Each structure stands twice: as C-alpha cells, then as structure tokens.
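Asks: have a look; sequence and predicted model below, questions after that.
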Amino acid sequence: MIITKPTLLVNEKIARTNIRTMAQKAKKAGVLFRPHMKTHQSAEVGAWYKEEGVDKITVSSVDMAIYFAKHGFDDITIAFPYNWLEASQIEALAQKVKLNVLIESAESLEHLATHVRTKLNYFIKVDIGTRRTGINPNNPKLIHSLAKSTNPDHQLVGLLGHAGHSYQTMDKKKAQKILKESQKAFVKVVAELGRTDLIISYGDTPTCSLLDDFPGINEIRPGNFVFYDLMQYGFGSCEFKDIAVCMACPVVAIHHNRKEIVVYGGSVHFSKDHINVGGKRNYGLVVNLDESGWEPSDNSYMSKLSQEHGIISASKEFLNSVKVGDVLGVIPIHSCLTADVNGYFYTLDGQFIPMREKR
C-alpha cells in the first residue's frame with residue numbers, strides 16, 4: 001500500500017477480535033449487547049458486527065440512525081436527548097425501524113407525543129454520575145412526569161445512563177465502584193416508577209472492558225472498544241495490542257537542533273484531543289509501521305498540532321533514524337474523533353473503508 005498523505009489505518013483483525021470479545025462477554029454475562037457505532041460510523045464495519053450476531057445498535061444522532069437503517073439495521077437507539085427540531089426526521093425513521101429515543105424532560109416528552117405520531121419507544125436518560133445530561137435520580141416529581149406519554153403509541157421501555165466519568169485512570173476496582181454507583185441511581189428511579197420490567201441500559205468503554213459481570217444491568221452499549229486508542233490505553237481499558245487504529249503521516253521536515261520532526265498530519269486529521277504526560281501535552285504516540293501493523297518505537301510523541309502540521313518531539317536516536325519522505329505511524333489519542341474528522345480509513349491490505357457522508 002502506497003501512502004502519500006495522512007491516512008488512517010485500521011487493523012481489521014484486531015478490530016474484529018475486539019468486537020468478538022465484547023460480544024462474547026455480553027453473552028456470558030447475560031446482557032444485551034447494543035454497541036455504539038459512533039466510533040467507526042461505517043456500514044462496512046457494521047457488517048463485522050453482524051457476523052458476530054449483533055442486530056441492535058446505538059448511535060449518537062438522527063443522521064447516523066438514518067445511515068445505519070439504510071444499511072440493514074432495524075433496531076436502533078439514538079443515545080442523544082430528543083431534539084425537537086428533528087421531529088419530522090424521527091417520525092419518518094420510526095415508520096421504518098424499531099426506534100428508541102432519549103427523554104429527560106417533561107417538555108420533550110410532550111413535544112415528542114404531539115409531533116411524532118408513529119409508534120416508537122423511549123428511554124429516560126438518567127444521570128449516573130457524569131453530570132452531562134440525564135435526570136437526577138433524586139427528583140421524584142420529574143421521574144413521575146416521564147413515566148407515561150400522552151401518546152399511546154409511545155412506550156417507556158427503559159432507563160439509560162452513560163458512565164462518562166469512567167474516562168480516567170481506571171482499574172477493575174474503580175470500574176466496579178462506578179458500576180455500583182450507577183446501579184444505585186437506576187434503582188432509585190425504578191423504585192419511584194414501580195416498574196421492574198424496564199431495560200437498564202449502561203454504556204462506556206472503560207468499565208465494559210474491565211468488568212465481566214454487570215449485575216442489575218440488562219444492556220451494555222460500549223463503542224470506542226472496537227478501535228480503542230492511546231487514551232483508553234492510558235486509562236487501563238486495553239492493552240497496546242488491542243489498539244486497532246494508527247495514523248500514517250509523511251515526514252516533511254526534520255529540525256535536529258530542536259529534536260523535532262514535522263509530519264503532514266495536523267488537527268484536521270487527528271482533532272486536538274490530547275493527554276498530559278509528565279506535564280507535557282501528548283497528541284499521539286509515534287510507532288514503527290510495517291505491513292503487518294505497528295509496534296512501539298521509543299518515547300517519541302506528537303507534541304504540537306496546527307491545522308495541517310504535526311510536530312513530533314523525538315529522541316536523538318529516533319531522530320537520526322528518520323529522513324524526509326519516510327512515513328511514520330502515530331497512535332491517536334481519541335479514535336472516535338480521529339475517524340470522524342477523516343471520514344474514511346484503510347485496512348492494512350489497502351481496502352478502502354468509507355464512513356457515512358455528512359450532510
């Protein structure tokens with residue numbers, strides 16, 4: 001495969017293994033596996049899930065739901081609060097597939113009831129600790145206002161929470177604590193509603209990767225696990241061998257006096273997500289590329305990003321091993337955003353994998 005510009009590479013074997021591992025974990029734990037598709041946003045990768053028996057998915061937008069519906073998925077949860085301004089698109093989609101939407105206010109529930117006339121299901125979004133969206137489980141008045149829609153075709157089927165606060169340095173003990181706290185939040189809402197038939201849907205890559213059992217949970221919705229990334233590796237969610245994505249970047253300049261390598265690959269290819277290592281910003285880890293994938297090199301890393309430029313801070317040894325015209329691999333910090341800004345990727349054998357086109 002000839003690389004001439006920033007190119008996002010995916011190791012299909014690793015990605016398929018990650019999918020299979022999570023699907024088998026869910027089956028063994030006795031929970032429904034409804035993976036989030038926002039990381040790859042690709043029908044081709046979606047087919048890899050189907051081969052593992054996955055037929056229910058999570059997405060983060062109405063447009064993404066429409067895309068995957070067109071590619072054969074007919075049981076979809078939009079894990080983003082109901083957007084009043086997309087009511088007509090939601091109604092059209094709900095006429096074609098089994099659709100679940102998220103509600104977290106009485107006003108939104110009533111708007112949904114009066115503006116989307118077709119049959120659909122809804123989940124109550126519960127704040128289980130992230131403090132981003134979701135109802136407070138200690139607010140009984142709000143909980144009861146969401147218990148039943150005025151539209152008989154709209155059914156409450158479950159409670160949904162995202163443990164975004166698990167995105168930190170993590171181990172199994174911490175993951176168990178977050179899951180336990182999340183369960184308490186769900187239990188409070190269930191008790192207020194007096195409903196034991198509700199789906200309890202829980203999702204995040206760190207805890208779903210580290211834990212094997214999910215007591216009190218009916219459904220898990222991890223997404224980033226399909227590719228993982230440097231952030232997840234730093235959290236302890238995965239091993240380095242589980243990372244399935246790498247950006248290939250041409251070397252365009254070398255500054256020996258500053259111990260810096262300039263590559264073609266900037267924020268428009270990686271996004272500007274970073275982690276702090278030793279008080280320094282790290283936008284990606286440099287690796288050695290070969291036909292079978294990539295291996296860690298040394299401690300060289302991407303220290304600066306502008307729109308098209310990436311600046312790599314390199315050791316003297318690594319600097320001397322590189323020349324202009326070489327192609328370096330960089331493990332991205334956040335694979336979801338890196339994939340999103342690129343819009344496509346290639347497998348190691350050169351297969352082009354398109355992602356959904358944005359409108």
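Replies: Okay, I see it.

Asks: which residues of the stretch 51-200 of the chain score low on pLDDT?
Replies: Of all residues in the stretch 51-200 of the chain, none has pLDDT under 70.

Asks: how about the helices in it?
Replies: Along the stretch 51-200 of the chain, counting by DSSP state H, counting those that start in this stretch, helices occupy 62-70, 87-94, 106-115, 140-145, 172-193.

Asks: format those helices as JSON lines; extra columns: distance to residue 164.
Replies: Where you see a C-beta, it was placed from the backbone N, CA and C, and this is true even at glycine. Formatted as JSON lines, the helices of the stretch 51-200 of the chain follow (distance: least, CB to CB, whole Å):
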{"stretch": "helix 62-70", "distance to residue 164": "19"}
{"stretch": "helix 87-94", "distance to residue 164": "24"}
{"stretch": "helix 106-115", "distance to residue 164": "21"}
{"stretch": "helix 140-145", "distance to residue 164": "21"}
{"stretch": "helix 172-193", "distance to residue 164": "10"}
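
Asks: which of the ones you listed sits most buried?
Replies: Across the helices of the stretch 51-200 of the chain, the average number of neighbours (mean count of other CB atoms under 10 Å) peaks for helix 62-70, which reaches a mean of 19.

Asks: confidence score at the residue nearest to residue 267 when sequence neighbours are not counted?
Replies: Nearest-residue entry for residue 267: residue 305, 4.6 Å, with adjacent residues in sequence omitted and distances by CB to CB, 6 or more residues apart in numbering. pLDDT, residue 305: 97.

Asks: and residue 305, what does it touch?
Replies: If you count contacts by CB atoms under 8 Å, 6 or more residues apart in numbering, residue 305 has them with 266-267, 270, 272, 283, 311.

Asks: who does it form a beta bridge with?
Replies: Taking DSSP bridges as the rule, residue 305 bridges to residue 310.

Asks: can you give me the strands in the stretch 151-300 of the chain?
Replies: Taking DSSP state E, counting those that start in this stretch to define them, one finds strands in the stretch 151-300 of the chain at 154-162, 199-203, 219-220, 245-255, 260-264, 275-277, 280-282, 284-290, 293-305.

Asks: pull the CA atoms of the first one into PDB?
Replies: As requested, the backbone C-alpha atoms of strand 154-162 are provided in PDB (Å, rounded to 0.1, in the frame of the first residue of the first chain):
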ATOM      1  CA  HIS A 154     -45.000   5.900  22.700                       C
ATOM      2  CA  GLN A 155     -43.900   3.400  25.300                       C
ATOM      3  CA  LEU A 156     -41.400   3.800  28.100                       C
ATOM      4  CA  VAL A 157     -39.100   0.700  27.700                       C
ATOM      5  CA  GLY A 158     -36.100   1.500  29.900                       C
ATOM      6  CA  LEU A 159     -33.600   3.700  31.700                       C
ATOM      7  CA  LEU A 160     -30.300   4.700  30.000                       C
ATOM      8  CA  GLY A 161     -27.100   6.000  31.500                       C
ATOM      9  CA  HIS A 162     -23.600   6.700  30.300                       C
END
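
Asks: closest to residue 154 out of the helices of the stretch 51-200 of the chain?
Replies: The closest of the helices of the stretch 51-200 of the chain to residue 154 is helix 106-115. By CB to CB, the value is 6.0 Å.

Asks: that closest one vs helix 87-94, what angle?
Replies: In terms of direction (axes from the mean of the first three to the mean of the last three CA atoms, to 10 degrees), helix 106-115 departs from helix 87-94 by 70 degrees.

Asks: residue 228: which of the contacts of residue 305 is nearest?
Replies: Lowest distance from residue 228 to the contacts of residue 305 (CB to CB) belongs to residue 270, with 15.6 Å.

Asks: identify the bridge partners of the residue nearest to residue 253 when sequence neighbours are not counted.
Replies: The shortest distance from residue 253 to any non-neighbouring residue, by CB to CB, 6+ apart, is to residue 262 (3.9 Å). Counting by DSSP bridges, residue 262 is bridged to residue 253, residue 311.

Asks: repeat that for residue 285.
Replies: In this entry, residue 285 is beta-bridged to residue 301, residue 331, by DSSP bridges.

Asks: number of residues surrounding it?
Replies: 27 (other CB atoms under 10 Å).

Asks: residue contacts, it?
Replies: Residue 285 makes contacts with 230, 296, 301-302, 330-331, as judged by CB under 8 Å, 6+ apart.

Asks: next one: residue 118
Replies: Shown in contact with residue 118 (CB under 8 Å, 6+ apart): 91, 94-95, 153.

Asks: tell me the domain boundaries of this structure?
Replies: 12-227, 240-354 (automatic domain parsing).

Asks: can I get these in JSON lines including distance to residue 1?
Replies: JSON lines is the format used below for the domains of the chain (distance: least, CB to CB, whole Å):
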{"stretch": "domain 12-227", "distance to residue 1": "13"}
{"stretch": "domain 240-354", "distance to residue 1": "4"}
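
Asks: which one of the helices of the stretch 51-200 of the chain lies closest to residue 337?
Replies: Per CB to CB, nearest to residue 337 of those: helix 62-70, 14.7 Å.

Asks: residues touching the closest one, excluding its own?
Replies: Applying CB under 8 Å, 6+ apart, the contact partners of helix 62-70 are 37-38, 41, 43, 46, 57, 59, 76, 78, 83, 86, 89-90, 93, 96-97, 99, 356, 358-359.

Asks: who wins for proximity to residue 2 among the domains of the chain?
Replies: Nearest to residue 2 among the domains of the chain is domain 240-354; the distance by CB to CB comes to 8.7 Å.
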